[in-house]
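J.: just a sequence and a predicted model for now, questions to come.
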Amino acid sequence: MTDFAIFGGVPAFAEPVHVGRPNIGDRERLMERIGGILDRRRLTNDGPLVQEFEGAVADFLGVQHCVATCNGTAALQLAICAAGLSGEAIVSPLTFIATANALQWQGVTPAFCDVARTTHNLDPARVEHAITPRTSAIVGVHLWGRPCAIEALTSVAERRGLALLFDAAHAFGCSHRGRMLGSFGLAEVLSFHATKFVNSFEGGAIVTNDDALASKARIMRNHGFADYDTVTSIGMNAKMSEASAAMGLTSLEARDVFYAANRRNHDAYRASLAGIAGISLIEYDDAEVCNRNYAVIEVDESAALSRDELQRLLWAENVLARRYFFPGCHLAEPYRSLFPDAGLRLPEAERLARRLLALPTGTAVEPATIAVVSELIRRAMADGPRLRRRLENVVPTDADPSSDGAS
Ligand code: T4K
């Protein structure tokens, strides 16, 4: 057994092992579809594959409408605009920055509200207290594909007359009480980014049972055109291309393979990380359908190494574990400058942002790789105090995860 690579040993992996390696479905089927696009010379603008993809997603989720977009961020912006949000929207700071940015970009102030320690999602009791006369909406995020407190948030939204949207970027293919996520609230937003469970290279969608919202979003997605030359509202270009829809359809068809690989990997992490003091793997509800697209550990403050020390060790081994979503949106610009005191109300989110580490999973990651990653973590934690002293003498390099603010 060599020393850890950060101290000069041979890295455990010759090539980087990534967190977000894309799941690829049937290549031949994809190429056939791409061939069809070229034959038809219909590349974009609500083409047949986009329509087919929208139908397939809506059927799978059991929703009336799917409006496919060029990415999840554009879908969020469209949903925010089509739902007529204004003033402030209550949102979790423990999410990808796009959730907050989409609001701010649409002129709606993200009012960051703390999360619950166990679920990592908005704490409904705190949401109630965060409502002000300017609040127009609650935007829940189903982080890691684990559902928000949907019933409680729905009840708050109904009682206080607020719109309820969900950022379901992580949650495609997950259920809540037997019903697929995507059909709750006024609308939910999906991402089909390359790193997501089902991907369309880049892509996203608004899914909703609200006819009016769907029809507005559809028009807004195409510059506000209601027909060939009538513009009826503000709009943008948020259309999904045919090539993306080809990938989306192919990826969707392979979802059972993706479910199985992620479950296998999560089970492998659970078994191989068991009993390591200070490390806990976040769990999913076995009674629900779940994509298990994120294998995330919490590193306890009492652990032999901190989360950041562990990440430095792993990166040197070529295991590119990620600090999703450090440091929390409220500490990223422009929010850090706009709301310098926000952290005072966000102790749980800040605590989690210091503890969470996303490990590699997906179809590109084999259980043998997971065994090595877990063994590295076990060895590191077993020798924590000594490694900590040695780490203090290692000058961060460009490859160090914290050297350039990368996470
Ligand atoms: N809401 C939430 C809750 C989200 O998580 C996201 C996106 C959104 C909204 C917005 O949806 P989109 O507009 O993105 O559709 C990645 C993704 O870019 C982002 O889509 C995702 N969330 C976020 C969680 O992760 P980064 O900055 O971490 O990406 P990057 O390039 O560092 O990739 C992650 C890892 O995946 C790397 O180790 C390399 C690997 N990778 C990545 C790509 C793109 C590959 O192996 N192949 C690839 O093609 O944000």
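T.: All right, it came through fine.

J.: what sits against the most centrally placed residue in the chain?
T.: Centroid check for the chain by CA atoms, centre = their mean gives residue 170 as the closest residue, at 4.0 Å. Shown in contact with residue 170 (CB atoms under 8 Å, 6 or more residues apart in numbering): 141-145, 191, 196, 291, 293-294. In this view, the C-beta of every residue, glycine as well, is placed from N, C-alpha and C.

J.: in what helix or strand does residue 151 lie?
T.: If you go by DSSP states H and E, residue 151 is part of helix 150-160.

J.: tell me which helix or strand comes right after that helix.
T.: strand 163-167.

J.: residue 132 and residue 253: what is the separation?
T.: 46 Å (CB to CB, to the nearest Å).

J.: flag the shaky bits of the stretch 301-407 of the chain, pLDDT-wise.
T.: 398-399, 402-407 (pLDDT under 70).

J.: give the contact list for the residue in it that the ligand sits nearest to.
T.: Per CB to the nearest ligand atom, residue 320 is where the stretch 301-407 of the chain lies closest to the ligand, at 4.9 Å. The neighbours of residue 320, taking CB under 8 Å, 6+ apart as the test, are 16-19, 314, 360, 401.

J.: next one: residue 96
T.: Contacts of residue 96 by CB under 8 Å, 6+ apart are 169, 324-325.

J.: now, among the residues you listed, which is nearest to residue 160?
T.: Taking CB to CB as the measure, residue 160 sits nearest to residue 169 out of those, at 25.2 Å.

J.: wait, the closest one touches residue 188, no?
T.: No - contact criterion CB atoms under 8 Å: residue 169 and residue 188 do not qualify, at 9.5 Å.

J.: residue numbers of this protein in contact with the ligand?
T.: For the chain, the contact set with the ligand under CB under 6 Å from any ligand atom comprises 18-22, 71-73, 95-96, 98-99, 141, 167, 169-170, 191, 193-195, 204, 320, 324.

J.: and if we set it to 5 Å?
T.: Within the chain, the residues that sit near the ligand (CB under 5 Å from any ligand atom) are 18, 20-21, 71-73, 95-96, 98-99, 167, 169, 191, 193-195, 204, 320.

J.: which among these end up buried?
T.: Buried residues within the residues of the chain next to the ligand, counting neighbours by 16 or more other CB atoms under 10 Å: 18, 20-21, 71-73, 95-96, 98-99, 167, 169, 191, 193-194, 204, 320.

J.: one step back: average pLDDT for the helix holding residue 151, rounded please.
T.: Averaging pLDDT along helix 150-160 gives 98.

J.: how about stretch 125-141?
T.: The model assigns stretch 125-141 a mean pLDDT of 97.

J.: mind listing what's buried along that stretch?
T.: Applying 16+ other CB under 10 Å to stretch 125-141 flags 126-128, 130-131, 135-141 as buried.

J.: try stretch 16-33
T.: 17-25, 30, 33.

J.: how far does it stretch from one end to the other?
T.: 31 Å (CA to CA, to the nearest Å).

J.: outside of that stretch, which residues touch it?
T.: Here stretch 16-33 makes contact (CB under 8 Å, 6+ apart) with 49, 194-195, 197-199, 246-247, 249-254, 257-258, 261, 318-322, 358-365, 369, 373.

J.: alright, calling it a day.
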